[in-house]
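**Q** need a structure here:
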Amino acid sequence: DWKSLKRIAYAPSFGTDVWEYSEEQTMEFSQLLKKFDAISVREQSGIRLCKERFNIDSKLVLDPTMLLSKDDYNKLINESYTQKPKGDLLKYILDKSGSITTLIDCIAKEKNLTTFSVSGKPFEEGQKAEDCILPSIESWLRGFRDAKFVVTDSFHACVFSMIFNKPFCVVGNKTRGMARFNSLLALFNQEFRLVETINDYILNELRINQCPNIDFDKSNELINSIMSKENNIIWEINGKIRILNTKIDTQNKILCLLYYKDNQTDSFLCNMLEYKNFSRFKNILKKLHKERFIEYDNTNCILSPNG
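**A** Residues are numbered from 1 along each chain as shown. Predicted structure coming up:
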């Protein structure tokens with residue numbers, strides 16, 4: 001039954017902060033969006049557009065690529081055969097131009113770095129087919145991991161520069177939309193890394209040199225905090241509280257429940273966790289009490305500061 005299906009939109013992008021559609025299209029979109037149970041967007045401006053155009057309350061979430069950690073991507077790279085890049089300044093440009101080439105050459109000279117690319121060459125007459133083959137996903141990721149600096153006009157290249165904790169310069173591309181760049185960089189207080197011309201880069205050069213590295217500890221902490229909000233552990237439904245992460249052991253499930261709703265009885269906790277053996281469950285509570293994670297009087301459980 002299609003009508004009973006849950007429809008959830010995760011992190012779609014308008015790609016722009018201005019409305020580009022006709023009144024007829026807007027009406028059609030509005031009717032279709034009413035079929036969705038939840039809508040989230042990846043730009044701050046998307047929240048405004050959803051409200052203004054469709055009277056829909058949406059939520060700002062991370063780009064899907066940021067829901068995996070650097071360790072996850074490193075594992076993917078390490079489990080495949082990839083060659084080390086032949087340079088240390090990664091240039092990943094979607095819309096090539098003379099001005100961007102000049103900017104890249106300027107940065108490479110200033111930082112004494114050698115440029116390399118993780119893009120296949122565009123196919124032209126007389127070009128060897130093997131030169132136009134795109135790199136594997138793992139090779140593409142390794143380019144960001146091994147680079148010392150990244151210059152790009154791609155949103156996702158900007159994202160992966162941050163995931164792999166690399167300093168970068170992103171060239172704004174108005175035809176592809178600036179909203180995603182603005183939202184991402186504002187989130188990490190790195191707006192000065194967005195330039196449109198070589199003059200912008202020169203004007204920002206002093207600030208970039210004073211801050212050659214993003215405070216990646218704070219950036220990673222922010223990403224993790226956003227992810228923890230998106231990947232909810234607790235689900236409350238019809239008066240019941242469930243732990244969604246089944247990999248958590250019973251002790252930590254108890255602590256999660258008490259953190260969510262403190263001062264509960266042992267029978268309530270056992271019921272919520274659907275634990276079959278009540279005697280064994282009470283022994284787990286006693287162990288948590290002994291380790292000073294909870295206060296347990298053989299009936300009621302209260303979370304301690306350690307818990």
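**Q** quick one: low-confidence parts of the stretch 201-307 of the chain?
**A** Regions of the stretch 201-307 of the chain meeting the criterion pLDDT under 70 cover residues 202-233, 305-307.
**Q** Can you list the residue ranges for strands in it?
**A** Counting by DSSP state E, counting those that start in this stretch, the stretch 201-307 of the chain has these strands, from start to end: 234-237, 240-243, 264-265, 294-296, 300-303.
**Q** again with the stretch 1-150 of the chain
**A** Along the stretch 1-150 of the chain, the segments classed as strands by DSSP E, counting those that start in this stretch run 8-9, 38-41, 59-60, 89-92, 115-116, 149-152.
**Q** Include mean neighbour count, mean pLDDT and distance to residue 252 when you put those strands into JSON lines, please.
**A** C-beta: built from backbone N, CA, C; applies to glycine. Listed next are the strands of the stretch 1-150 of the chain as JSON lines, based on neighbours: other C-beta atoms under 10 Å; pLDDT from 0 to 100; distance: least, C-beta to C-beta, whole Å:
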{"stretch": "strand 8-9", "mean neighbour count": "12", "mean pLDDT": "90", "distance to residue 252": "27"}
{"stretch": "strand 38-41", "mean neighbour count": "19", "mean pLDDT": "90", "distance to residue 252": "28"}
{"stretch": "strand 59-60", "mean neighbour count": "16", "mean pLDDT": "81", "distance to residue 252": "27"}
{"stretch": "strand 89-92", "mean neighbour count": "24", "mean pLDDT": "95", "distance to residue 252": "40"}
{"stretch": "strand 115-116", "mean neighbour count": "18", "mean pLDDT": "94", "distance to residue 252": "45"}
{"stretch": "strand 149-152", "mean neighbour count": "24", "mean pLDDT": "94", "distance to residue 252": "38"}
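**Q** Quick one: closest of those to residue 293.
**A** strand 59-60 (32.8 Å; C-beta to C-beta).
**Q** Which among the strands of the stretch 201-307 of the chain is found nearest to residue 191?
**A** The closest of the strands of the stretch 201-307 of the chain to residue 191 is strand 234-237. By C-beta to C-beta, the value is 35.0 Å.
**Q** Put the alpha carbons of the closest one into PDB.
**A** C-alpha atoms of strand 234-237 as PDB (Å, rounded to 0.1, in the frame of the first residue of the first chain):
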ATOM      1  CA  ILE A 234      16.300   6.900  22.100                       C
ATOM      2  CA  TRP A 235      12.800   6.300  20.500                       C
ATOM      3  CA  GLU A 236       9.700   7.000  22.500                       C
ATOM      4  CA  ILE A 237       6.500   5.500  21.100                       C
END
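**Q** Tell me which strands it pairs with, and in which orientation.
**A** Partners of strand 234-237 in the sheet, by DSSP bridges, are strand 240-243 (antiparallel).
**Q** Return the distance of the strand it pairs with from the chain's centre.
**A** Chain-centre distance of strand 240-243: 27 Å, with C-alpha atoms, centre = their mean, to the nearest Å.
**Q** What of stretch 282-300?
**A** For stretch 282-300, the distance to the chain centre is 38 Å (C-alpha atoms, centre = their mean).
**Q** List the buried residues of it.
**A** Buried positions in stretch 282-300, judged by neighbour count with 16 or more other C-beta atoms under 10 Å: 282, 284-285, 288-289, 293-294, 296.
**Q** could you redo the residues you listed as TSV and give each row distance to residue 160?
**A** Compiled in TSV, the buried residues of stretch 282-300 are given as follows (distance: C-beta to C-beta, whole Å):
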residue	distance to residue 160
282	49
284	42
285	45
288	41
289	46
293	39
294	42
296	47
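**Q** can you pull the pLDDT of the most centrally placed residue in the chain?
**A** Centroid-nearest residue in the chain: residue 66, 2.3 Å away (criterion: C-alpha atoms, centre = their mean). Looking at residue 66, its pLDDT reads 84.
**Q** Surely it is in contact with residue 161?
**A** No: Residue 66 lies out of contact with residue 161 (C-beta atoms under 8 Å); the separation is 11.8 Å.
**Q** overlap in contacts of these two?
**A** Here residue 66 and residue 161 have no joint contacts, going by C-beta atoms under 8 Å, 6 or more residues apart in numbering.
**Q** next one: stretch 107-124 to chain centre, how far?
**A** The answer for stretch 107-124 is 26 Å, by C-alpha atoms, centre = their mean.
**Q** Make a markdown table out of the strands of the stretch 1-150 of the chain and add distance to residue 2.
**A** Formatted as a markdown table, these follow (distance: least, C-beta to C-beta, whole Å):
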| stretch | distance to residue 2 |
| --- | --- |
| strand 8-9 | 15 |
| strand 38-41 | 17 |
| strand 59-60 | 25 |
| strand 89-92 | 40 |
| strand 115-116 | 49 |
| strand 149-152 | 41 |
